[in-house]
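Engineer: All I have is the shape, not the residue letters:
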DNA sequence: CGCTGGCACTCGGTATCATCGATTGCCAGA
DNA sequence: TCTGGCAATCGATGATACCGAGTGCCAGCG
């Protein structure tokens, strides 16, 4: 697609622009890039790259800036994930050595870690609890007419649902519901359309049904819990306060973030790290942002995802390295 | 402290500045304020107010801007909470009419509501679970050496704690621990130093102890769950992107936000709404921010708090009105 | 034929300067 | 005690010029 020299020029421009956030001129490239050519030659190549859509000029007589297409080529062809500097590798190691306990706090802390590693916002998507099996079900009365169903899943997640009861139900009936549900749910996943056979007792069956309803409904969306860490770092990435506001507003909408992560993962071949750049994200306010994500695997199955959200001029090699190592260690840590 | 006319001038300046974010000149005050005096007179008053620390001049020959002290006087003496416009009252009513279900999602949604009402960031602090009593305890095995203790509290909260077991424990022993703990914890609060008598079985007692340890430790800090809504709106309140970053960084640290809310509530007389302005907050990055908070009461006891965080030049009457109505309705809603 | 040095040209950024207008402080007079 | 008048202040705005980074193009060189 691009001959070697064009590629080298593009690479030099992207690298320089990532570092300085300033348009890159031909002189800089001629000096920096490995190719030993004069600025004039570089200029010709840059003009060509601009015609082909890889570079853009903010205005005549400024340097060139990579376009989304330019970043795309850079990510796909011109760079490898790269390695994280030693101190940061060490930091990751220590984090996962200490990490233990509840999955929620672990995912939350992971988002902070990743954000710290990259100086961008970090996104961590929890594994869907559909695959987990029920370990325990319990129906507990809170007040006369309010009960709560609590389900413990094999992955350490706890689901709960409030029930508003039509009629006052005694402890015995709640206990009966608990044991009835336990008998038919334990060992299965909540996702299956679990049919719990009727018991004959009408009020009991009504209670059981409402428990299943309550547990089922949040399962679709609420479960895609996403942890956003270091959103404030987006403020350092842009100097237009309005851009910052729009990006943050997006990050506050969990479902948008979740579907964004899903899309990015699905888009590319499943070979690990995926990158979506600028307009590829399909969300206007994020036109100046890129996302780097990788799935993490628990017990060999790709389940959740971790990623970072940064400006399109983010440091892709570093971000990819960080996402790679964190997703790998997180998966390993959760498998144990 | 301030004679009537000075107060009127101060009020006019604060109101105008809140609206326009521009330094206010004497002519504007003379026109706007109810007092029928000439700009020259207003100038004299303003000079006096500046000497006494209520106003400041960004530079000679600009208008005046309120100082923190000026806002303080305004809030304490010159304004009443004010009433929310009808459509917003309606919005609150509808919200709480529909609201139901788990306390967590309710608090979360409340923070969004309050943020929407005020266009500032909203802070909602969950009631501490110390007062709630235990309704159910259960120890569930997840893998050979990992178990999870789940406690359902009377307020609808679920506590959980992971346990790493020294030795493999069979289901019978977990069940024994469950019933032993149930017998001694149910009806009490987790905060009390609950002494669970020894059973005689050494391994069982070890398990029981570790459950209590695990449940006790997070109880101190993890519990002060705080929900932050509309943080992105802080980006609209400032035009220095760096200020935005610092404020957001603060908002990401839960414990800072929690202790901030605590302090503000404690500072002032407990008569409802409290306001902390600028440097009063004692946190340098928030020098340009103010917080308006009110406790909400469940069953007559002041427990959690709701509040908004905005720029010092926030619309105090409106914010106070919004905080007041939301805290009142939230408390009522949670009491039901 | 491709690369290079040279060169005119473009155009944003910065500095300088004058002007304008909002606002003040002060003072003398009502 | 208030007011109108007035000089003074100082940021904001705009015009102007200049500088420099960078470009595109072209003629010449290897």
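Structural biologist: Good, I have the coordinates. Quick caveat, the model's predicted, so the values are computed rather than measured.
Engineer: residues from chain A in reach of DNA strand C?
Structural biologist: A:5, A:36, A:37, A:38, A:40, A:41, A:44, A:59, A:60, A:61, A:62 (CB under 7 Å from any atom of the strand). C-betas here are computed from N, CA, C, even on glycine.
Engineer: Kindly provide the distance from the fifth one to DNA strand D.
Structural biologist: Computed with CB to the nearest atom of the strand, to the nearest Å, the distance linking residue A:40 and DNA strand D is 4 Å.
Engineer: and the helix or strand that residue falls within, what does it pack onto?
Structural biologist: Taking DSSP states H and E as the criterion, residue A:40 maps to helix A:39-51. Applying 3 or more CB pairs under 8 Å, 6 or more residues apart in numbering or on different chains; DSSP states H and E, one finds that helix A:39-51 contacts helix A:4-20, helix A:26-32, strand A:55-56.
Engineer: mind giving me a markdown table with those and columns for distance to residue B:260, mean neighbour count and mean pLDDT?
Structural biologist: Putting the helices and strands packed on helix A:39-51 into a markdown table (distance: least, CB to CB, whole Å; neighbours: other CB atoms under 10 Å in any protein chain shown; pLDDT from 0 to 100) gives the following:
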| stretch | distance to residue B:260 | mean neighbour count | mean pLDDT |
| --- | --- | --- | --- |
| helix A:4-20 | 37 | 20 | 95 |
| helix A:26-32 | 47 | 18 | 91 |
| strand A:55-56 | 45 | 20 | 96 |
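Engineer: Let me have those in JSON lines, extended by distance to chain B.
Structural biologist: Listed next are those as JSON lines, based on distance: least, CB to the nearest CB, whole Å:
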{"stretch": "helix A:4-20", "distance to chain B": "18"}
{"stretch": "helix A:26-32", "distance to chain B": "27"}
{"stretch": "strand A:55-56", "distance to chain B": "24"}
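Engineer: picking up where we left off before, out of the residues of chain A next to DNA strand C, which end up buried?
Structural biologist: A:5, A:37, A:41, A:44 (16 or more other CB atoms under 10 Å in any protein chain shown).
Engineer: now, which of these sits nearest residue B:226?
Structural biologist: Taking CB to CB as the measure, residue B:226 lies nearest residue A:5 of those, at 55.7 Å.
Engineer: where does chain A have its least confident helix or strand?
Structural biologist: Least confident helix or strand of chain A, by mean pLDDT, DSSP states H and E, is helix A:202-221 with a mean of 72.
Engineer: Say whether chain B is contacted by that one.
Structural biologist: No - legend: contact between helix A:202-221 and chain B by CB under 8 Å from any CB of the partner chain is lacking; minimum distance shown is 8.7 Å.
Engineer: now do stretch A:289-305
Structural biologist: No - Stretch A:289-305 stays out of contact with chain B when judged by CB under 8 Å from any CB, the minimum separation being 11.5 Å.
Engineer: That stretch: end-to-end distance?
Structural biologist: 18 Å (CA to CA, to the nearest Å).
Engineer: what does the average pLDDT come to for it?
Structural biologist: For stretch A:289-305, the mean pLDDT works out to 88.
Engineer: and if you look at stretch A:236-249?
Structural biologist: Computed over stretch A:236-249, the mean pLDDT rounds to 94.
Engineer: what's in contact with it?
Structural biologist: A:119-120, A:231, A:234-235, A:285-286, A:288-289, A:309-311, A:314, B:231-233, B:235-236, B:238-241, B:244-245, B:248 (CB atoms under 8 Å, 6 or more residues apart in numbering or on different chains).
Engineer: Close to chain B: what parts of the stretch 1-150 of chain A are there?
Structural biologist: Going by CB under 8 Å from any CB, the residues of the stretch 1-150 of chain A near chain B are A:100-102, A:105, A:135-136, A:138, A:140-142, A:146, A:148, A:150.
Engineer: re the thing from before, check the residues of chain A next to DNA strand C against residue B:115 and report the nearest one.
Structural biologist: Residue B:115 lies nearest to residue A:59 out of the residues of chain A next to DNA strand C, by CB to CB, at 39.2 Å.
Engineer: I'd like the distance between whatever residue of the stretch 51-200 of chain A ends up closest to DNA strand C and residue A:42.
Structural biologist: In the stretch 51-200 of chain A, the residue that lies nearest DNA strand C is residue A:61 (2.8 Å; CB to the nearest atom of the strand). Distance of residue A:61 to residue A:42, computed by CB to CB, to the nearest Å: 15 Å.
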